[in-house]
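Student: Next one to model:
(chains A and B)
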There are 2 protein chains.
Amino acid sequence: MTIDIYFEDLPNGKILDLGEKHVTREEIVAFASEFDPQPHHLDDEAARQSILGGLSASGWHTCAIMMRLLVDGLAVRAASMGSPGIEEVRWMKPVRPGDVLRMRGEVTSARVSKSRPDMGIVDIEWTLHNQREQVAWMKATGLYGLRAPRAA
Amino acid sequence: MTIDIYFEDLPNGKILDLGEKHVTREEIVAFASEFDPQPHHLDDEAARQSILGGLSASGWHTCAIMMRLLVDGLAVRAASMGSPGIEEVRWMKPVRPGDVLRMRGEVTSARVSKSRPDMGIVDIEWTLHNQREQVAWMKATGLYGLRAPRAA
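Tutor: All right, here's what the predicted structure looks like:
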């Protein structure tokens, strides 16, 4: 796909509406089996008796779903140069089988790197909603190439 | 497995040495195909030309591996009541095929919940090392049941 999103296209205040993802029971159990095999992510009966009251996705599965929405909706078209890390993740409500998740971001800071004038540092606050309510929040830092770097 | 780790077993300063995980190329590509399909996580040649200089795991795959080490080494034996979120994640070095990852934690805060006196809130700083150096760092909050709650 053509790269057509650069640092200059992600100014402070920019809103990013990404796509949505339908989550299945099979996906929840498959992820948990490999990475988070706790009973409330694997088994309906154990989950009903847990603090969350029913089967729910691993929080890390939720993060991985957010990453996939970010890749498909933004990174695949962007001059992305990776990420040094995440400022914060909040898992606010359980993600359940059948949920349709939708992701939205707002750029909260955008600045050109001092050490690499061809690279910008962009902070984005991401929210994830299901059909009814917000389920997760994340603040992440991304690195993006400039379309037109200034001479140093 | 028997639950034998409670809030009281995770005091401030407690060190937790968890197990290790050998990471394969197949695992890196499988995770990335589903959740982070960017060329530098999928394809050797594209990865060599990228900023990371070779195939590397998605940062979210690294987090998921940390979760699995945490479940096998701690949560499966603990009175775990989930997590409200993550304070910070740092991806410091790429995780490569063949790496053997080892996780270590230090409790940096442990307090009983004011609203739920049967539950403790524990902050742990986790480091992940490969054979040579530190590759990731994470500060996470976990909720753990008390072995012996005081009467309210």
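
Student: can you list the residues of chain A near chain B?
Tutor: When proximity is defined as C-beta under 8 Å from any C-beta of the partner chain, chain A approaches chain B at A:31, A:34-38, A:40, A:51-52, A:58-60, A:63-65, A:67-68, A:71, A:75-76, A:80-91. For every residue, glycine as well, the C-beta is placed using N, CA and C.

Student: out of those residues, which are buried?
Tutor: A:31, A:34-38, A:40, A:58-60, A:63-65, A:67-68, A:71, A:75-76, A:80-83, A:86, A:89-91 (16 or more other C-beta atoms under 10 Å in any protein chain shown).

Student: which ones among these are found in strands?
Tutor: Among those, the ones falling in strands (DSSP state E) are A:86, A:89, A:90, A:91.

Student: For residue A:59, see how far away the second one is.
Tutor: Just to be clear, that refers to residue A:89. To residue A:59, residue A:89 is 7 Å away according to C-beta to C-beta, to the nearest Å.

Student: Repeat that for the last one.
Tutor: Counting by C-beta to C-beta, the gap from residue A:91 to residue A:59 is 4 Å.

Student: Low-confidence ranges, chain A, go.
Tutor: Counting by pLDDT under 70, chain A has low-confidence residues at A:151-152.

Student: Output the longest helix belonging to chain A.
Tutor: helix A:59-73 (DSSP state H).

Student: which residue packs closest to residue A:80, ignoring adjacent ones?
Tutor: residue A:144 (6.1 Å; C-beta to C-beta, 6 or more residues apart in numbering or on different chains).

Student: bridging residues for the one you found?
Tutor: With DSSP bridges as the criterion, residue A:144 is bridged to residue A:80, residue A:120.

Student: Now the residue nearest to residue A:119 when sequence neighbours are not counted: phi and psi?
Tutor: The shortest distance from residue A:119 to any non-neighbouring residue, by C-beta to C-beta, 6+ apart, is to residue A:113 (4.5 Å). When read as degrees, to the nearest 10, the backbone of residue A:113 gives phi -60, psi 140.

Student: Show the contacting residues for residue A:113.
Tutor: Taking C-beta atoms under 8 Å, 6 or more residues apart in numbering or on different chains as the contact definition, residue A:113 lies against A:119, A:120, A:121, A:143.

Student: tell me which of these is nearest to chain B?
Tutor: Nearest to chain B among the contacts of residue A:113: residue A:143, at 8.3 Å, using C-beta to the nearest C-beta.

Student: What residues sit buried inside the host helix or strand of residue A:111?
Tutor: Assigned by DSSP states H and E, residue A:111 belongs to strand A:100-112. For strand A:100-112, a neighbour-count test (16+ other C-beta under 10 Å) marks A:101, A:102, A:103, A:105, A:107, A:110 as buried.

Student: That's all I had, so thanks and see you.
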